[in-house]
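**Q** how would this look folded up:
(chains A and B)
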Number of protein chains: 2
Amino acid sequence: MTWLDLPADSPFGLANLPYGVFAPGGGSPRVGVRVGDQVLDLASALGEPVFAEPALNAFLAQGHQSWARVRGRITDLLTDPKHRGAVEPALYPLAEVELLLPFEPADYVDFYAGEHHAANIGRMFRPGSEPLTPNWKHLPIGYHGRAGTLVVSGTPIVRPRGQRKAPTAAAPTFGPSQRLDIEAEIGFVVGTGSPLGTPVPLADFAEHVFGVCVVNDWSARDIQAWEYVPLGPFLGKSFATSVSPWVVPLAALEQARIAPPPRDEELLPYLADTGTGTDSDSGTKADPWGLDLALEIRLNGETVSRPPFSAMYWTPAQMLAHLTVNGASTRTGDFYASGTVSGPERNQRGSLIELSWGGADPLTLRDGATRTFLEDGDEVTIAATAPGPNGTRIGLGEVTGRILPAVTAAGVGEGPR
Amino acid sequence: MTWLDLPADSPFGLANLPYGVFAPGGGSPRVGVRVGDQVLDLASALGEPVFAEPALNAFLAQGHQSWARVRGRITDLLTDPKHRGAVEPALYPLAEVELLLPFEPADYVDFYAGEHHAANIGRMFRPGSEPLTPNWKHLPIGYHGRAGTLVVSGTPIVRPRGQRKAPTAAAPTFGPSQRLDIEAEIGFVVGTGSPLGTPVPLADFAEHVFGVCVVNDWSARDIQAWEYVPLGPFLGKSFATSVSPWVVPLAALEQARIAPPPRDEELLPYLADTGTGTDSDSGTKADPWGLDLALEIRLNGETVSRPPFSAMYWTPAQMLAHLTVNGASTRTGDFYASGTVSGPERNQRGSLIELSWGGADPLTLRDGATRTFLEDGDEVTIAATAPGPNGTRIGLGEVTGRILPAVTAAGVGEGPR
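**A** Next up is the predicted model:
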């Protein structure tokens, strides 16, 4: 029980306590924790200098024992009425602060861990073939994205320009993407890194990963289709990836943990998560790390899909184990996203290319308008929640962005159309 | 003329002056410039605090006018004998210092800009098809790599482990890579970034890119072959990318500039580099940015290939223009590599998979041993030079690494073989 005036079913109650970086009106950016519709200034409330920084990284680098200690201190401050007088001056109304990117990104990896999404894309792009590539159920496919273009929720998204070529055209043309899309994903923030040459086993996931965000991995499907063979997506993705402002710690997601879907192929030992261990150091269950998160996609305020993260084939623990099994090091601030979350039903698909089946079957919106891909002015919001204690829900917050028209930069002509 | 005791044909004379980060015995890392076989401590010699840092980034961020000013100051210090007494105490013998990664990497992109390499790979992997994919001559294909595993020359390379599957096998196996390879490349260090939404036109290349390194993009071909469809290389590359310790500034490469090979396809305007402009701000020629660099690959001390960078189809100015044309921002410390440099002749190929034609035609070494891919204990060195003034050569230094056996980490089993 908190002394705060907070409804018992608040998605941002004491069971949640997500971390972000905020700037109070006129103040410098610092680390805060969201409680209800307020932000607790941690530098002020706890007096620890890592929270006076403009990114979570210094706190993340302290490691999971520090994460647990600080969570305990915050809970105590917000529970014991004797702290009320000291804490209240450190609370800011959410509406009066600016929220910034919560961490300074190191490397960014995007996975492709959703079976329904990968199969939908395969059916559209390779009709007549097996929907999934032969490697898909043996390893979580992933690739590196552009860390420098991670942006916080609310950042406007300028429609990217680039090369695209219709199958029947003789040559590519240059111009604004005509198939601008979203991808609803969940992202994982690495708190403590791992040295070169040392893989992170499944059981150590919660010692390394601090928490989760909601992600919109904006995608220009026409640019991507022309560029991606043979080395994968590049400019079709690198113009922007939006991240929600609140990092929900794994400690808040214990009730969300579930087994992932049954495995169709026997997994190699470093990915096999069917044992039942307890990680001795962190004290958390070593597996499974399937997560029963509920996503919701809103287009101009209208809910168009509800993707279930429970359908994801690969867990975030498997993603990290795979990412490091070749000896690759990780660093504080590394960020990896799940890939598009799609469920088996049409209204659970996590991208417009799936929702409109490649543009062949437009979405009809409430006002009678239709959409295949995004139009200028469209605003997309992806929100997520997780099961909390006693039947409540924990909020992961939301990631939002509005599409601005493409701009023509000096020195970059349009070329033949 | 310098007052230093330096041969007139030294590859590290006053026409070069490459930057690196070094630690003198017992001292903290700082920025230096190589002159002959000595390192000039810039923090000491110039008294500017940006050079007391353990990475070039702060200096790079100052921009091209500062780069030109500092180059002028260093040239003056090493030319005018009146500075000799003050400068000599700031010179360290190269053999007595440790060389570190010269810059703190932001994002890392690897291109695929060599036509002979891409065609060789295409002929091996897609026999009977066109060697180049349809997009290849319309855009410089690239993908993001792992910035966190860039390592400085000399860092041992532990043989990576991972999944691989022979075409005839029913399932993948796990173990040390059996097709560990090199890729001889040239890398480009971004000095001043560019904001989100603002492409960098060809003419602005030299205002943004500070200089070049030699790169060995180690590649595990068996891991890569199994993982890379459909999203590109990931663990087959991310275990390590080695970088030479000296960043040769573009200002030292004026004599190396040449026109790239004739273009077989008309290029879209943002990539068209056939004009003859002068960039008004930097004062350098706006194009072309083909570079006549000579690479040399040594395996255990024996020269096995001499790849010519002059054969590269795409220039580094085109790579940066393409990387940013969708509005992607760049940052100080961004690093992009050319892709494997291969010439048309067998002894100009830049990777072992090409030199041994996928393992079918092993290399025979001087001592009678043969190689298809790398064996434990092998040491690979890639060196490069450029034309300097008056028929001399400028050294780009070298990047070297020795292969250590794969290690078995706790918690990561071998699985079925």
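
**Q** can you name the residue of chain A nearest to chain B?
**A** The nearest approach of chain A to chain B comes at A:Gly232, 2.2 Å away (CB to the nearest CB). All C-beta atoms are positioned from the backbone trio N, CA, C, and that covers glycine.

**Q** ok, how many other residues are close to the residue nearest to that residue when sequence neighbours are not counted?
**A** Spatial nearest neighbour of A:Gly232, excluding adjacent residues (CB to CB, 6 or more residues apart in numbering or on different chains): B:Gly232 at 2.2 Å. Applying other CB atoms under 10 Å in any protein chain shown, we find 27 other residues in the vicinity of B:Gly232.

**Q** what helix or strand is B:Gly232 on?
**A** B:Gly232 belongs to no helix or strand when elements are defined using DSSP states H and E.

**Q** isn't it right next to A:Leu231, touching?
**A** Yes - using CB atoms under 8 Å, B:Gly232 is in contact with A:Leu231, at 4.4 Å.

**Q** let me see the contact set for the residue nearest to A:Gly232.
**A** Applying CB atoms under 8 Å, 6 or more residues apart in numbering or on different chains, we find B:Gly232 in contact with A:Tyr143, A:Tyr228, A:Pro230, A:Leu231, A:Gly232, A:Pro233, B:Tyr143.

**Q** turn the residues you listed into CSV, columns for pLDDT and distance to B:Arg84.
**A** As requested, the contacts of B:Gly232 are arranged in CSV below (pLDDT from 0 to 100; distance: CB to CB, whole Å):
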residue, pLDDT, distance to B:Arg84
A:Tyr143, 98, 53
A:Tyr228, 94, 57
A:Pro230, 93, 56
A:Leu231, 95, 52
A:Gly232, 96, 54
A:Pro233, 97, 55
B:Tyr143, 98, 49
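
**Q** could these be laid out in TSV, adding distance to B:Asp367?
**A** TSV is the format used below for those (distance: CB to CB, whole Å):
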residue	distance to B:Asp367
A:Tyr143	40
A:Tyr228	44
A:Pro230	36
A:Leu231	36
A:Gly232	40
A:Pro233	45
B:Tyr143	37
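
**Q** check the gap between the most far-flung residue of chain A relative to its centre and B:His138 for me.
**A** What lies farthest from the middle of chain A is A:Ala170; by CA atoms, centre = their mean that is 38.4 Å. Distance of A:Ala170 to B:His138, given as CB to CB, to the nearest Å: 11 Å.

**Q** repeat for A:Asp110
**A** 25 Å.

**Q** circling back to that earlier point, with respect to A:Ser153, which of the contacts of B:Gly232 is nearest?
**A** A:Pro233 (22.1 Å; CB to CB).

**Q** wait, isn't that closest one in contact with A:Glu227?
**A** Yes - A:Pro233 is in contact with A:Glu227 according to CB under 8 Å; the separation is 7.5 Å.

**Q** out of those two, which sits in the more crowded spot?
**A** The neighbour count for A:Pro233 versus A:Glu227, taken as other CB under 10 Å, is higher for A:Glu227 (29 against 23).

**Q** wouldn't A:Glu265 be in contact with A:Asn135 here?
**A** No - at 10.2 Å, A:Glu265 does not count as touching A:Asn135 under the criterion of CB under 8 Å.
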